[in-house]
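# got a predicted structure here, sequence first:
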Amino acid sequence: MTGYASAQQSASAGGGETDGRTRRLGLEIRSVNSRFLDLSFRLPDELRAQEPVLRSLLTARLKRGKVEVRASIDNEDTTALPDPAPRLLQRLNSAQDAVRAWLPDAAPLSVADALRLCANPGSAQDDWSDAVPALAEKALKDLVQAREREGKRLSAMLQDRLEQLRALAHQATPLVPKLVEQQRQRFMERWKEAMALADNATLPEAAQDRALTEATAFAIRIDVAEEITRLDSHLDEIERLLKKGGEVGKRLDFLIQELHREANTLGSKSAAMELTRISVDMKVLIEQMREQVQNIE
């Protein structure tokens with residue numbers, strides 16, 4: 001299911017030899033439709049160690065969707081240049097002298113290099129181990145609420161398709177006995193015509209009984225009442241699951257497959273254009289449901 005949530009938190013950067021600037025931790029969670037849970041993370045190096053914690057939080061709350069987590073750490077005053085600490089500059093100068101003593105052809109540090117290294121000293125990274133889980137919980141709560149809102153919209157759409165399928169099944173139900181009787185009469189007429197052409201005689205009683213038996217067997221083969229009954233049963237179960245809520249996506253997947261199976265069988269056994277049309281309309285509606293059910297958790 002689709003959804004988006006973000007959260008931010010500010011903290012004083014580092015300590016000791018840093019300039020005490022405030023840094024902002026931002027976290028975004030995006031979710032798009034997928035039959036399975038697929039997690040991906042785009043984290044700065046400073047937050048790589050937090051990936052297992054984030055993964056655990058997400059798998060505990062989400063069961064489906066292609067989910068992307070993005071995190072960033074920024075200085076809140078992005079227009080101001082950092083003010084390098086003198087002791088950091090002294091260390092950089094000493095380190096440069098040591099390197100160039102061994103590698104005289106090494107390029108000297110530029111102003112940009114010095115600003116970058118002083119702004120992100122490796123020994124003064126912030127500890128985000130408490131902030132990241134708390135921020136992720138907040139964003140995840142918002143994401144779940146967004147997915148729940150979408151779930152309600154999907155449920156309303158599925159309920160509408162259920163009503164249309166019930167209407168089609170209602171149209172097909174009275175056609176079944178009529179078609180069975182029509183096929184039975186047609187079979188008898190053709191049998192009589194064949195017997196008349198064969199010997200130009202009155203149809204014997206034994207042959208008539210056999211014709212009736214064959215017609216009855218054929219009528220049974222084209223009877224779709226059982227398919228319509230099962231289809232109604234699947235529709236009832238889907239409606240029950242939608243009202244129940246919770247993690248019903250995989251169960252709905254299975255029921256949609258069964259609906260499609262019954263609609264296919266109805267079409268293959270159809271002996272009238274009207275039933276064929278009903279079968280096609282059913283399959284169109286079921287396919288629309290299938291696309292959306294795959295997004296329901």
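Noted; the coordinates are in hand. Numbering: from 1, shown residues only.
# what's across from Leu25 in the sheet?
Leu25 has these beta-bridge partners by DSSP bridges: Gln9, Ile73.
# pull the contacting residues for it.
Contacts for Leu25 (C-beta atoms under 8 Å, 6 or more residues apart in numbering) come out as Gln8, Gln9, Ser10, Ala11, Ala71, Ser72, Ile73, Trp128, Ala131, Val132, Leu135. The C-beta positions use only the backbone N, C-alpha and C, and glycine is treated the same way.
# could you check how far the third one is from Ala131?
It stands for Ser10. Separation of Ser10 from Ala131 (C-beta to C-beta, to the nearest Å) stands at 10 Å.
# ok, now the first one?
Relative to Ala131, Gln8 is positioned 10 Å away (C-beta to C-beta).
# give me the mean pLDDT for stretch 72-84.
Stretch 72-84 shows a mean pLDDT of 66.
# need the distance between the two termini of that stretch.
Terminal residues of stretch 72-84 lie 22 Å apart, using C-alpha to C-alpha, to the nearest Å.
# can you pull out the helices in the stretch 151-297 of the chain?
Remark: helices assigned in the stretch 151-297 of the chain by DSSP state H, counting those that start in this stretch are 175-199, 205-222, 225-244, 249-269, 273-293.
# pLDDT weak spots in the stretch 51-200 of the chain?
Residues of the stretch 51-200 of the chain meeting the criterion pLDDT under 70: 75-82, 119-126, 194-200.
# could you pull out the strands for it?
Applying DSSP state E, counting those that start in this stretch to the stretch 51-200 of the chain gives strands spanning 65-75.
# related to what we said a few turns ago, could the contacts of Leu25 go into TSV alongside neighbour count?
Below are the contacts of Leu25 laid out as TSV (neighbours: other C-beta atoms under 10 Å):
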residue	neighbour count
Gln8	15
Gln9	15
Ser10	13
Ala11	15
Ala71	24
Ser72	14
Ile73	19
Trp128	21
Ala131	17
Val132	22
Leu135	20
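# show me what contacts Ile238?
Counting by C-beta under 8 Å, 6+ apart, Ile238 touches Leu158, Leu162, Leu252, Leu255, Ile256, Leu259.
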